[in-house]
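[1] Fold the following and give me the result.
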Amino acid sequence: MSTVLFNPSHVFSTSKNDEPPMTLHVGMVGSDGIVLAGDTLQWSIPHANSAPSRAGISTWLSQTVSKIKISDNRKIAVSCARDMRESYELADAIKNLSPEFWPSPETRIQEIAASYLASRPQWHGAQCLILVSEPQPALYLLECLVDEQTSEPIPPQCRNVPMYAFDGDSLNGAIFWAMRYCRWLSPEKRTVRRLMRLAAQIVADAEVLSSGNVGGAMEVVYCDCSGVHQLTSSESETLLQEAQDRSNQIRGLILGE
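    All right, here's what the predicted structure looks like:
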C-alpha cells in the first residue's frame, strides 16, 4: 500500500515493496520556475512474451532512455516512473492536457489516469511528476499504484506539490539533500539555477546508493511562464560531474582523506 506524505516542506511516496522501484526523479518549486531532473537508466527484457521470459529465465538488458515527455507546445512536461511502458503511455495522454484545465488540473489528470487504467487488462503501476507552465508554473505528483495485498489498482491520486516531490525510488537516501536544503533556502534564494545544482546532487548520489535502479545520464528540464525548457546533454553532464566532484570533496572532509 502506498502512502503519500504532504507537509509545507516536502512530498514523497513510500511502499511496502521490498525491492525499490526503478528511476528517481525530483521536482522542485523555485521562486522563478520549477526544476525536474532524473536519471535515464532502464532495464528491459528482449522478447518479453517469449517462452523463456514467461518461465522467468530471460536476460535483462540495460539501456539509456529519456524518461521525461514534453508537450509539442512546450507548456507541459511529464516524468515517467515505476512500470515504464504504462507510465510512458499515460504521460503521452497527460502532456496533451487542454488549456482550459491548466489553472487547476488535478481532477482532470485523475480522470485521464482512471480512464487509462480501465482500458488495461492488468495494471502494474505508474508515477508521474507533471510541470504545467501556465497560467503560472506549478508542479503535481500523480500516483497510479496497485494494492499489494489485492493486486487491484488504487484510484489515481494527483496532488499539487508545494515545494518538492520524488517519484520512482523515492526512499533513496539521496533525497536527504532536498529535505535538508529546500527548507533552508529562503524563497528569494530558491532560484531555478540553485535548484538545478541541488537536483544534480540528488541524482548523482542516488546512483551511488542504488546503482542497479538509478543511473545512466541525467536529464534536466525546467519551466517558467514562457514554457518548458530542456538542458542540452552537455549542460546536464556538466551539472552531474560537478555534483560528483562535490560528493568526493565531502567524503574527503568527513573521512580526512
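[2] Off-centre distance for the helix of greatest length in the chain?
    For the chain, the helix that runs over the most residues, judged by DSSP state H, is helix 233-255. Taking Cα atoms, centre = their mean, to the nearest Å, one finds helix 233-255 lying 21 Å from the centre of the chain it belongs to.
[3] what's in contact with that helix?
    Contacts to helix 233-255, defined as Cβ atoms under 8 Å, 6 or more residues apart in numbering, come from residues 196-197, 200-201, 203-205, 208, 217-220, 231, 257. Every C-beta, even on glycine, is put in place using the N, C-alpha and C of the backbone.
[4] Now do the buried residues in that helix.
    236, 239-240, 243-244 (16 or more other Cβ atoms under 10 Å).
[5] between those, which is closest to Asp72?
    Lowest distance from Asp72 to the buried residues of helix 233-255 (Cβ to Cβ) belongs to Ser236, with 21.8 Å.
[6] Against Glu100, how distant is that closest one?
    33 Å (Cβ to Cβ, to the nearest Å).
[7] repeat for Arg85
    Distance, Arg85 to Glu100, using Cβ to Cβ: 29 Å.
[8] What mean pLDDT does the longest helix of the chain get?
    Taken as a whole, helix 233-255 carries a mean pLDDT of 94.
[9] still on that earlier bit, among the contacts of helix 233-255, name the buried ones.
    Neighbour counting by 16+ other Cβ under 10 Å classes 196, 200-201, 203-205, 218-220, 231 among the contacts of helix 233-255 as buried.
[10] Now compare the residues you listed and name the two farthest from each other.
    By the measure Cβ to Cβ, the buried ones among the contacts of helix 233-255 have their two most distant members at Asp205 and Leu231, which lie 19.1 Å apart.
[11] Export the buried ones among the contacts of helix 233-255 as a markdown table, with columns for secondary structure and distance to Gly33.
    As requested, the buried ones among the contacts of helix 233-255 are arranged in a markdown table below (DSSP: H, G, I helix; E, B strand; the rest coil; distance: Cβ to Cβ, whole Å):
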| residue | secondary structure | distance to Gly33 |
| --- | --- | --- |
| Met196 | helix | 10 |
| Ala200 | helix | 16 |
| Gln201 | helix | 19 |
| Val203 | helix | 18 |
| Ala204 | helix | 22 |
| Asp205 | helix | 23 |
| Met218 | strand | 18 |
| Glu219 | strand | 16 |
| Val220 | strand | 12 |
| Leu231 | coil | 13 |
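[12] next one: the host helix or strand of Arg108 to chain centre, how far?
    Arg108 belongs to helix 106-118 when assigned by DSSP states H and E. Taking Cα atoms, centre = their mean, one finds helix 106-118 lying 19 Å from the centre of the chain it belongs to.
[13] okay, the angle between the helix or strand just after that helix and helix 106-118?
    Beyond helix 106-118 on the C-terminal side, the first helix or strand identified by DSSP H and E is strand 126-132. Per axes from the mean of the first three to the mean of the last three Cα atoms, to 10 degrees, the angle that strand 126-132 makes with helix 106-118 is 150 degrees.
[14] Just checking: what are the partner strands of strand 126-132?
    Strand 126-132 has the following strand partners under DSSP bridges: strand 76-79 (antiparallel), strand 81-82 (antiparallel), strand 138-144 (antiparallel).
[15] Kind regards, and thank you for your time.
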